[in-house]
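>>> sequence first, then the predicted structure, then my questions.
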Amino acid sequence: MPSPNPLVRDRDVAFLLYEVHRAERLCTLPAFAHHDRETFDLYLASAAKLARERFFPTFKAMDEHGAKLVDGRVENAPGTAELYDAAVELGLLTATRSESVGGAQLPEAISVVAFLYLMAGNAGMVGYPLLTSGAAHLIESFGDDALKATFMRRMYEGEWTGTMSLTEPGAGSSLSDITSSATAIEDPEGSPFAGAYKIRGSKIFISGGDLDFRDNVVHLTLARRVGDPAGSKGISLFVVPRLRPKTGPSASEDAEPELEFNDVHTSQLIHKIGWKGLPSLGLSYGENDDCVGWILGEPGHGLRYMFQMMNEARISVGANGTATASAAYHESLAYARVRTQGRALDRAKAKARGASGPVPIIEHPDVRRMLLRQKAIVEGSMSLVIATAGYADLAGHAEGPDERQRAQSILDILTPITKSFPAERGFESTSLALQIHGGYGYSSEYLPELWMREQRLNSIHEGTTTIHGLDLLGRKVVAGGGRALSLLAEELRADVEDARRCGVDDELCEAVKLEIVRVTELTMVLGTRGMSGDVTGMMAHSADYLTLFSNLIVAWQWLRMAGAACRGLGGDIDGESTEYYRGKLEAARYWIRTELADNVRLAALCESGEDSYLKVPDGGW
Ligand SMILES: Cc1cc2nc3c(=O)[nH]c(=O)nc-3n(C[C@H](O)[C@H](O)[C@H](O)COP(=O)(O)OP(=O)(O)OC[C@H]3O[C@@H](n4cnc5c(N)ncnc54)[C@H](O)[C@@H]3O)c2cc1C
């Protein structure tokens, strides 16, 4: 029997956090000074235990049962309540929040690893705490005292949950087209809701939009105040609970509000192909003209505020893609070790070591190719996710404003890559896990098909891959005359030299160095083309550009891992560790020689502006 799936390997976590990314260095920042490696590891060990002992064992059953819509209310899959309680008890809702709001004030780089474990165990189930925490954080950042005391506090404490309520049937990728409306409540007779708004509209795909295991859910909702302009400048953000306090929000923490229905209806349960533990719903606001919402912050800044939650969620989606691919990788690795089939390619060698019969499929070169590709994608993604979260920590907490700004610029550029690479390549990787299982992989008795269904979502929600390609090339790399790109290139160059000093093969270091130049030059060519008015010529291959850029960024991560592996190999280590580090070096070599090498073709394609698909006439499809 294969050993139980570790979901995410503890050794990889320790390697990445402490040998590659030096996470302890974050403890030199005042915000994290109360932490050390021990507190990090304690938290992560609890998350790993919860993932392996509670989340993963419920994963398949939750997929089979799903949530149901009964008389307009959601009935969650069995076990959801207990798992949510366990997530709250672990401190997942407030892990990174400040002590002033009851948080543990952990770095994002640590928190995201806890999420990796749990997402690998049961991704959909992690949606509830993630959404609640992100929604509460919005209220923390932009709400007044009454909204914080009434809503944020209860959400952080696990009493109420939260959602992000953005998408509408007519406004998905293009949120600036939302039509949900907000009408100011002007009640001269002293209504408790004076100053708030009546909300009307329909939302779709709202994950966690209703539930049966908590009394209330608070929707962070985008809507347009009546009379405000069309487009993103007219969008505001509202706090719209399913149940509202009868007397309105109160700044008193002692107040125990009496609640009444707030005219938010569940109109539809989306029948999804995965993530069935987390229902995604159609919501209808104000069918009876009695839905009250409280505006968050300033009118017209809603989309800007919402980007706080969306950007956090984008890193989480990257973590999700990584986690799902990781669980699938470990499953296929274990399977490949025990499944015997066929004879060794080199029969003479096999005979010499007395193996003349069927061999474990891990011995077949092409199975090894698939496994190494998975490993390179999974561990490259994991390193990328941790690196990006680390920049978020520096952007929020580095000591000087310059350092914070520098980290923010790099974070901005890495976010679309961290969101989309683990989703896109994670899907390929998960598909390879199915392939390694052969015909058994194509059956629901085995898990890879379920992970493939789960993984597929990551390229769609929080902005499709297409949208992130447009964002990267159209905004991020050209912003400020390419300043963020230069800062990022500086980091890459420094790490190339560090890898060289550690003893990483010159060939690999040079290959990455060359690609930094190629990507920078290509960006200049495309940017110049756009500035001269040929926007289509610039953007036609934005998706290919995203792939090319991501290949380089992941090569950077592999070079960092290779450097750490060389350092490790130079120490006094046992045979197991030697093999572990050698595996890293081979995966780095694989990524740089095989996947990064594709950048030559991709760069030529982006630069050529090849436009066959733009030219297909309507009747030509
Ligand atoms: C399971 C699930 C959970 C979700 N959870 C939530 C949630 O909790 N809250 C929430 O608010 N939303 C949620 N969403 C919505 C999700 O964010 C949207 O589905 C996504 O943003 C895409 O919007 P759309 O579905 O309307 O597709 P569309 O925007 O119609 O896109 C269709 C296709 O056209 C492409 N396209 C669109 N615009 C352009 C363009 N300008 N240029 C090039 N190509 C373009 C897209 O890339 C895509 O391939 C969820 C969705 C799913 C499936």
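Yep, it's here.
>>> and the helix or strand hosting R373, what does it pack against?
For R373, the host element (DSSP states H and E) is helix 365-397. Under the contact definition 3 or more C-beta pairs under 8 Å, 6 or more residues apart in numbering; DSSP states H and E, helix 365-397 sits against helix 108-142, helix 302-338, helix 401-436, helix 542-569, helix 575-590. For the C-beta atoms, the positions are set from N, CA and C on the backbone; glycine is no exception.
>>> buried ones in the next helix or strand after the longest one?
Sequence-wise, the next helix or strand beyond helix 302-338 is helix 347-352, with elements assigned using DSSP H and E. When burial is assessed from 16 or more other C-beta atoms under 10 Å, helix 347-352 yields the following buried residues: A350.
>>> who touches helix 347-352?
The contact list for helix 347-352 (C-beta atoms under 8 Å, 6 or more residues apart in numbering) reads R343, A344, S356, V359.
>>> what does the stretch 251-400 of the chain put close to the ligand?
Applying C-beta under 6 Å from any ligand atom, we find that the stretch 251-400 of the chain lies next to the ligand at K272, W275, S280.
>>> a markdown table for the residues you listed, including neighbour count and pLDDT?
Putting these into a markdown table (neighbours: other C-beta atoms under 10 Å; pLDDT from 0 to 100) gives the following:
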| residue | neighbour count | pLDDT |
| --- | --- | --- |
| K272 | 19 | 97 |
| W275 | 26 | 97 |
| S280 | 24 | 98 |
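>>> quick check: of these, which lies closest to the ligand?
Taking C-beta to the nearest ligand atom as the measure, the ligand lies nearest S280 of those, at 4.3 Å.
>>> report the beta-bridge partners for that closest one.
Beta bridges link S280 to S207, judged by DSSP bridges.
>>> let's have the helices and strands packed on helix 365-397 in JSON lines, adding mean pLDDT.
Listed next are those as JSON lines, based on pLDDT from 0 to 100:
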{"stretch": "helix 108-142", "mean pLDDT": "97"}
{"stretch": "helix 302-338", "mean pLDDT": "97"}
{"stretch": "helix 401-436", "mean pLDDT": "98"}
{"stretch": "helix 542-569", "mean pLDDT": "98"}
{"stretch": "helix 575-590", "mean pLDDT": "98"}
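>>> got the contact list for L585?
Contacts for L585 (C-beta under 8 Å, 6+ apart) come out as V504, A562, A565, C566.
>>> what separation do you get for the first one and R589?
According to C-beta to C-beta, to the nearest Å, V504 stands 9 Å off from R589.
>>> list residues touching both of the two?
Common contacts of V504 and R589, defined by C-beta under 8 Å, 6+ apart, comprise A562.
>>> name the residue in these two with the higher neighbour count.
V504 (26 against 19; other C-beta atoms under 10 Å).
>>> what are the phi and psi values at the more buried one?
In terms of degrees, to the nearest 10, the main-chain angles of V504 are phi -70, psi 140.
>>> quick one: the nearest residue to it once chain neighbours are set aside and the ligand, what's the gap?
Excluding the flanking residues, the one nearest V504 by C-beta to C-beta, 6 or more residues apart in numbering is A562, at 4.5 Å. A562 is 35 Å from the ligand, where distance means C-beta to the nearest ligand atom, to the nearest Å.
>>> contact partners for A562?
Residues in contact with A562 (C-beta under 8 Å, 6+ apart) are A499, C502, V504, L508, K584, L585, A588, R589.
>>> one more: S191?
I185.
>>> any idea which element it lies in?
Per DSSP H and E, there is no helix or strand for S191.
>>> make 780 the first number, not 1, from now on.
Fine by me, first position is 780 from now on; the one you just mentioned is S970.
>>> which pLDDT value goes with it?
Per-residue confidence (pLDDT) for S970: 86.
>>> before we move on, the earlier item: can you put the helices and strands packed on helix 1144-1176 in CSV and add distance to R1380?
Listed next are those as CSV, based on distance: least, C-beta to C-beta, whole Å:
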stretch, distance to R1380
helix 887-921, 32
helix 1081-1117, 24
helix 1180-1215, 17
helix 1321-1348, 9
helix 1354-1369, 18
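>>> quick check: residues of this protein near the ligand?
Selection of the chain residues close to the ligand by C-beta under 6 Å from any ligand atom yields 942-946, 951-952, 984-986, 1051, 1054, 1059, 1236, 1239-1240, 1242-1243, 1245-1246.
>>> whichever residue of the stretch 880-1029 of the chain sits closest to the ligand and G1079, how far apart?
Closest contact between the stretch 880-1029 of the chain and the ligand, by C-beta to the nearest ligand atom, is at G951 (1.7 Å). Per C-beta to C-beta, G951 is found 22 Å from G1079.
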